[in-house]
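Student: need a 3D model of the following:
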Amino acid sequence: MDLTFLGTGGSVPTTKRNTVSIALRLGPEVLMFDCGEGTQRQLMASSVSFMKITNIFISHHHGDHFLGLPGLIQSMNFYGREAPLNVYGPIGTQEMVKTILRLGIFDRKYEVQGHDLAPGEVVIGDGYQVAAFKANHTTPALGYAFQENDRPGRFDPDKAKALGVREGPNFSRLVEGYSVQVGSSKVTPDMVMGPSRKGLRLVYSGDTAASSELDQACVDADVLIHEATVASDLEAKAREFGHSTAKDAALLARDSGVGALYLVHISGRYEDVDVLLEEARGIFGPTTIPNDLDMFVLRTDR
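Tutor: Sure, this is the predicted structure:
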């Protein structure tokens, strides 16, 4: 599982940062969180295939979070996409997608469906679920909590050999959950597998000021992707426009027991992000401000 930051800036693109868009790759499937303008070009410059995107989760309907949809839908069609695409977001998303598709620029060969989500609703995928929660912004907005299903425990080959299981296909059968016969005895998976391992939890804040809903979603998350539009010297302005500071994000990560914090939606006023990074790391050490197209492999073992 890996995470690619296609865009990390806020409001408008700059020469260094595109508007926000994040791709979570789960083997053959890709989930996207927000889709700022120009996202299809960012995808082409990355190792992420936009043809494998199954679900796009839009946090809210400010342009820097969804204006990439028309171009991305068209690019998918140009390259012969046939698989359906689902776009989720707050109330109005279904109608927004219909409006995009009515623009008359698409001769689509695949289905695109928009879905309105209410806080608390959950989208179930293959081996994961994504829950929407209310964000505290100036327009109806959502954050998203991705939860991977629990994974099987680790296979103990020494224990299997001690029970008489020969290395080879029978090892694979046990890992896959099947019993194997050894002489007159049966060896079952629970005899050679460790306890199940908790799946990865990733939270994306979207644009938001502090809220109890966000606090609850972040508890013990392995990864938190949080907006940090400005530094704390501009806290009043952040509050006025429903945004957070780097300090806000770091305090939340520290107090919630988060594993790693990634800061995005960086204001274009910051040519140098050191002031934001130092502010956050002074509170929560494992903080990163990714650049556009940075990719990170995600692990749950903490």
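
Student: what residues sit buried inside stretch 186-196?
Tutor: Within stretch 186-196, the residues scored as buried using 16 or more other C-beta atoms under 10 Å are 187, 189, 192-193. Every residue, glycine included, has its C-beta placed from N, CA and C.

Student: stretch 139-152 now?
Tutor: Neighbour-count burial for stretch 139-152 [16+ other C-beta under 10 Å]: 140-148.

Student: export those residues to a markdown table and tack on distance to residue 83?
Tutor: Formatted as a markdown table, the buried residues of stretch 139-152 follow (distance: C-beta to C-beta, whole Å):
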| residue | distance to residue 83 |
| --- | --- |
| 140 | 29 |
| 141 | 28 |
| 142 | 24 |
| 143 | 27 |
| 144 | 21 |
| 145 | 25 |
| 146 | 20 |
| 147 | 23 |
| 148 | 22 |
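
Student: okay, and which of the buried residues of stretch 186-196 map to strands?
Tutor: Judged by DSSP state E, these include residue 187 as members of strands.

Student: does the nearest residue to residue 53 once chain neighbours are set aside sit in a helix or strand, and which one?
Tutor: Nearest residue to residue 53, sequence neighbours excluded (C-beta to C-beta, 6 or more residues apart in numbering): residue 30, at 4.6 Å. Taking DSSP states H and E as the definition, one finds residue 30 inside strand 29-35.

Student: contacting residues around that strand?
Tutor: Contact with strand 29-35 is made by 7, 20-24, 39, 48-50, 52-59, 65-69, 72, 125-126, 130, 144, 146, 204, 206, 225, as judged by C-beta atoms under 8 Å, 6 or more residues apart in numbering.

Student: rewinding a little: so which of the buried residues of stretch 186-196 is the closest to residue 281?
Tutor: Ranked by distance to residue 281 (C-beta to C-beta), those are led by residue 193 at 38.8 Å.

Student: how about the contacts made by that closest one?
Tutor: 152-156, 174-175 are the contacts of residue 193 under C-beta under 8 Å, 6+ apart.

Student: what of residue 158?
Tutor: For residue 158, no contacting residues are found, by C-beta under 8 Å, 6+ apart.

Student: let me see the backbone angles for it.
Tutor: When quoted as degrees, to the nearest 10, the phi and psi of residue 158 stand at phi -70, psi -40.

Student: when you give positions from now on, start the count at 22
Tutor: All set: I'll call the first residue 22, so the last point we hit is now residue 179.

Student: what separates it from residue 185, distance-wise?
Tutor: Distance of residue 179 to residue 185, given as C-beta to C-beta, to the nearest Å: 12 Å.
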